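Trainee: build me a model from this:
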Amino acid sequence: MKLNTTRTAIALAIAVAASQGMQAQAATAAGTAITNQASATYIDSTLAVRSATSNTVVTTVQQVASLTLNNGTAKNAAAGTPVVFAHTVTNTGNGPDSFTLAASDSGAFQMAGVVFYADADADGVADNATPIVSTGQLAAGATFHFVAVATLPGAAATGSTNSLVVTAASVLTGTVNATSTDTTTVSAGAKIDLTANSAGTGAPGAGPGVETTAVATGIVAAGNTTRFTLYLNNGGGSPDTFNLSSSADPAFGNTTLPSGWTVVYKDANGAVITNRTVAAGSNAVVYAEVTVPAGATPGTTDLYFRAASPTSNVSDTIHNAVNVVANGTELTLLKSQALDADCDGVADTSFSDVPITAGAIPGACIRYQIVATNTGATNVGTVVVKDDIPANTVYHGRVLATTSQGLITGAPLPGLTGTVYAAVGLLTPGQSATVKFGVRINP
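Mentor: Below is the predicted model of the structure:
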């Protein structure tokens, strides 16, 4: 009995070891040749020891298709907006294979369209605008990342849901496939609008899409930093979190900046951030600090800031610019303007260097703003800012010229032309002084 128990234990150990060895092995690659040949020894009639071998048999391992597809995710999105779902397909077969991609959906509404895009860096964002319908060939064990972009119909009711089934099917064996279900619930939705210097519909940069010209320009000496004040306006019915990024490309095909340039985003308390959460119907301020290298070439460079939600996929881009001045240029001036249609002496919108086209009719007024900044490393003194009343206008004296520092030492009489003078005086490094005055367009 003891002997039988020992034999049983040994047999069990061998079986376990064999099972563990099989689990550790990867699938045998397709095309692998398995060869086998038998041999034997024997003693012939003369008592000589002899040997014999059999013929060799060969078995070629056939390819078997197999794949995995990640589990689906659930997101909220507003009616009429796109929603993005990230997916990963892995070739778990024993040979190269490619997998076709398809989608079907069901639920309270049908998606207006579903398109697949490659996502090589697996960041959940399409690499480009080229649609795909297949993974292309994948080696055994290889993984392919892609996103499914689906657009909700504009009439989708808030609270309704949709189930989007993504399918990846083997080209080698069409019956072998894997599916993943993504769920979308219609929410009131966030709406993002990036503006500069102030919030609201009248602020520079207000409205959807990227502006053709810069709505704000920062002046900085090479090797220094300039700051832009941005407002994230969420005009939708849901709170959302928006990732912040910058680029020299208005389409954000990349997030590349000029060589040596950096952008750091900060909140109102000065903490470095990479995203900002904005409540529904509210706004939040963000500072974008742009640093240019000491060797930066003087001139104006367009720069674009974007706020984009990875959840709802809504985004907006604002067009700004940086004017790099050469070292040794201690004083820089930035001129901006705003319409004062009723000539009450109060600007109707925020000041901007964007051309005024609407509302600039004879009899209307324009408010001007000049910001003098010491961009050097030492004090500058006896600063005097002057600005001529432009042709076809006269000085508007309802609100006289003002300066944030120093005195207005000269200005025309109301209704006449001439020059506005502001004796600003001393400016320390980084310090600015602002001069404002108005003109009236000749009726």
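Trainee: mind listing the strands for the stretch 101-250 of the chain?
Mentor: Assigned strands in the stretch 101-250 of the chain, in chain order: 113-118, 143-151, 161-170, 177-187, 192-196, 217-221, 225-234, 240-247 (criterion: DSSP state E, counting those that start in this stretch).
Trainee: of the ones you listed, give the one that comes closest to Ile441.
Mentor: Of all the strands of the stretch 101-250 of the chain, strand 217-221 sits nearest to Ile441, with 24.4 Å by Cβ to Cβ. (C-beta placed from N, C-alpha, C; glycine too.)
Trainee: ok, that closest one: who's next to it in the sheet?
Mentor: If you go by DSSP bridges, strand 217-221 pairs up with strand 315-325 (parallel).
Trainee: measure how the strand it pairs with sits relative to strand 192-196, angle-wise.
Mentor: Orientation of strand 315-325 against strand 192-196 (axes from the mean of the first three to the mean of the last three Cα atoms, to 10 degrees) gives an angle of 20 degrees.
Trainee: past strand 315-325, which element shows up next along the chain?
Mentor: As assigned by DSSP states H and E, the chain's next helix or strand after strand 315-325 is strand 331-340.
Trainee: list the contacts of that next one.
Mentor: By Cβ atoms under 8 Å, 6 or more residues apart in numbering, the list of residues contacting strand 331-340 from outside reads 217, 219, 323, 325, 346-353, 356, 358-360, 364-376, 380, 383, 385, 387, 396, 427, 438.
Trainee: now list the buried members of those.
Mentor: For the contacts of strand 331-340, a neighbour count by 16 or more other Cβ atoms under 10 Å gives the buried set as 217, 219, 323, 325, 347-353, 364-376, 380, 383, 385, 387, 396, 427, 438.
Trainee: what about Val324, how many neighbours?
Mentor: Per other Cβ atoms under 10 Å, the neighbour tally for Val324 reads 24.
Trainee: please give me every residue in contact with it.
Mentor: Val220, Ala221, Ala222, Val292, Ala296, Thr297, Pro298, Gly299, Thr300, Thr301.
Trainee: now the third one, nearest residue through space, not along the chain?
Mentor: Yep, that's Ala222 we're talking about. Ala296 (4.4 Å; Cβ to Cβ, 6 or more residues apart in numbering).
Trainee: so that neighbour makes contact with Gly223?
Mentor: Yes. If you go by Cβ atoms under 8 Å, Ala296 and Gly223 touch, sitting 7.4 Å apart.
Trainee: how is this protein carved up into domains?
Mentor: Using automatic domain parsing, the domain parsing of the chain gives 67-187, 192-325, 331-441.
Trainee: and the end-to-end length of the second one?
Mentor: This points to domain 192-325. With Cα to Cα, to the nearest Å as the measure, domain 192-325 spans 33 Å from end to end.
Trainee: also the last one?
Mentor: Using Cα to Cα, the end-to-end distance of domain 331-441 comes out at 30 Å.
Trainee: correct me if wrong: Thr262 contacts Ala288.
Mentor: No. Contact status for Thr262 versus Ala288: not in contact, 10.7 Å apart, counting by Cβ under 8 Å.
Trainee: looking at the strands of the stretch 101-250 of the chain, spot the one closest to Asn76.
Mentor: Closest approach to Asn76 among the strands of the stretch 101-250 of the chain is made by strand 177-187 (4.1 Å; Cβ to Cβ).
Trainee: in its sheet, what does that closest one sit against?
Mentor: Applying DSSP bridges, strand 177-187 is found paired with strand 74-78 (parallel), strand 161-170 (antiparallel).
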